[in-house]
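A.B. asks: need a structure here:
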Amino acid sequence: MASPELQTIIEFLRAQPTIDADFPARRAGMEEATSAWPLPEGTQVEAVDAAGVPCEWVSGPDLAADRTVLYVHGGAYTTGSLVTHRRHVAQLSTAAGARVLNVDYRLAPEHPHPAAVDDAVTAYGWLTTVAGIPPERVVLCGDSAGGGLAVATMLALRDAGEPLPAGAALISPWTDLTFSGASHDTRLELDPMCSRTSLAPSAKAYVGAGDPKAPLVSPAHADLEGLPPLVIHVGDHETLLDDSSMLAERAAAAGVDVELWVAPEMIHVWHVFAGMVPESDVALAKLGAWIDARLSAA
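C.D. replies: Coordinates of the predicted model:
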């Protein structure tokens, strides 16, 4: 059974108003809800311009400068920012023993696909050239839409013949913007955060006039051959459960080393509640250990 701490958060989430397409209001609400969360003691934050993409270095104290996580945040491609995910990436930095480059990619509907992919590719290119971090010392990471974006970024790099990172760590990734997964129905009553109804406005805003099944939009439908190792964390109570299972199956079929963890009773991106929820502490430590192992193998 889920801990009392997690049950309290689930009840809080269920009490929130229905999400609509008022993206500025959603962004403001997300900023307000997360900006008050204190950063771990000793966290260092430094703003950087990654070839025109606003980013920031976030790290715990005394970490090696060449061990790096490139993080692309969630928010359904329409919300989220450096502020909303700063506490989470600071905790991830300590868990993984690596600095995090937190990426503030452009959002839809003002900037539909492929703007987010272009920005993530640009930030990665800056990291591995100007900042001088070897690709084998980089792990991509993202939650929700950021998880799908991390995979799309690697596909774009692969197709361009660019060197790939050491791996990618994906938290509850949104990888199928066609909403074809059965879990959208089977987990609907269990998921307090995501549904076809809540995600559809963002999908429409992001895809625009494009194809929602295009590989760089919905990587669950892509050819994943040649990608580096992946780890995927998803909760069994998520409507996006099948986005993870489809991606894992397709990756394995393409010969990619992939590890899928379906956590019983967990909800969407439960890792962000680390420090407040015991299950989140476990998940973040598990994810950090995987990243550490990938970076240590270089």
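
A.B. asks: so the closest residue to residue 162 other than its chain neighbours is in which element?
C.D. replies: Spatial nearest neighbour of residue 162, excluding adjacent residues (C-beta to C-beta, 6 or more residues apart in numbering): residue 125 at 7.4 Å. Every residue, glycine included, has its C-beta placed from N, CA and C. Following DSSP states H and E, one finds residue 125 within helix 115-128.

A.B. asks: Could you report the pLDDT at residue 268?
C.D. replies: For residue 268, the pLDDT comes out at 98.

A.B. asks: Neighbours of the closest residue to residue 227 other than its chain neighbours, how many?
C.D. replies: The shortest distance from residue 227 to any non-neighbouring residue, by C-beta to C-beta, 6+ apart, is to residue 256 (5.0 Å). Number of residues near residue 256 (other C-beta atoms under 10 Å) recorded here: 19.

A.B. asks: Next: residue 15.
C.D. replies: Other residues near residue 15 come to 8 when the count uses other C-beta under 10 Å.

A.B. asks: and if you look at residue 168?
C.D. replies: 29.

A.B. asks: ok, now which ones touch the nearest residue to it once chain neighbours are set aside?
C.D. replies: Nearest in space to residue 168, with sequence neighbours left out and distances taken as C-beta to C-beta, 6+ apart, is residue 140 at 4.2 Å. Contacts of residue 140 were listed using C-beta atoms under 8 Å, 6 or more residues apart in numbering, and they are 69-72, 124, 150, 153-154, 165, 167-169.

A.B. asks: got it, and residue 188?
C.D. replies: Residue 188 neighbours (C-beta under 8 Å, 6+ apart): 195, 239.

A.B. asks: For it, what are phi and psi?
C.D. replies: phi -60, psi -40 (degrees, to the nearest 10).

A.B. asks: Dump the contacts of residue 140 to JSON lines, plus distance to residue 293.
C.D. replies: Below are those laid out as JSON lines (distance: C-beta to C-beta, whole Å):
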{"residue": "69", "distance to residue 293": "13"}
{"residue": "70", "distance to residue 293": "17"}
{"residue": "71", "distance to residue 293": "18"}
{"residue": "72", "distance to residue 293": "21"}
{"residue": "124", "distance to residue 293": "21"}
{"residue": "150", "distance to residue 293": "18"}
{"residue": "153", "distance to residue 293": "21"}
{"residue": "154", "distance to residue 293": "18"}
{"residue": "165", "distance to residue 293": "14"}
{"residue": "167", "distance to residue 293": "9"}
{"residue": "168", "distance to residue 293": "14"}
{"residue": "169", "distance to residue 293": "11"}
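
A.B. asks: Which of those residues fall within strands?
C.D. replies: Mapping the contacts of residue 140 onto strands (DSSP state E) picks out 69-72, 167-169.

A.B. asks: Could you export those as a markdown table, including pLDDT and distance to residue 198?
C.D. replies: Shown next, in a markdown table, are these (pLDDT from 0 to 100; distance: C-beta to C-beta, whole Å):
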| residue | pLDDT | distance to residue 198 |
| --- | --- | --- |
| 69 | 98 | 28 |
| 70 | 98 | 27 |
| 71 | 98 | 23 |
| 72 | 98 | 20 |
| 167 | 98 | 30 |
| 168 | 98 | 25 |
| 169 | 99 | 25 |
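
A.B. asks: tell me the two of those residues that are most distant?
C.D. replies: 72 and 167 (14.6 Å; C-beta to C-beta).

A.B. asks: These two: which is more packed in?
C.D. replies: residue 72 (30 against 26).

A.B. asks: for the chain, what spans make up the helices?
C.D. replies: 4-14, 23-35, 82-96, 115-128, 145-159, 183-186, 196-207, 241-253, 278-296 (DSSP state H).

A.B. asks: number of nearby residues for the nearest residue to residue 107 once chain neighbours are set aside?
C.D. replies: Distances taken as C-beta to C-beta, 6+ apart put residue 78 closest to residue 107, at 5.5 Å, once the chain neighbours are dropped. By the criterion of other C-beta under 10 Å, residue 78 has 24 neighbours.

A.B. asks: quick thing: my sequence starts at 807, can you match it?
C.D. replies: Will do, 807 is the new start, and the previous item becomes residue 884.

A.B. asks: Got phi/psi on residue 884?
C.D. replies: phi -120, psi -10.

A.B. asks: Tell me the confidence at it?
C.D. replies: 97.

A.B. asks: Kindly report the same for the one 3 residues further on.
C.D. replies: Among the per-residue scores, residue 887 shows a pLDDT of 96.

A.B. asks: cool, and the one 4 residues further on?
C.D. replies: Looking at residue 891, its pLDDT reads 97.

A.B. asks: what about it, how many neighbours?
C.D. replies: Residue 891, neighbours per other C-beta under 10 Å, totals 28.

A.B. asks: tally of neighbours for residue 1015?
C.D. replies: 6.
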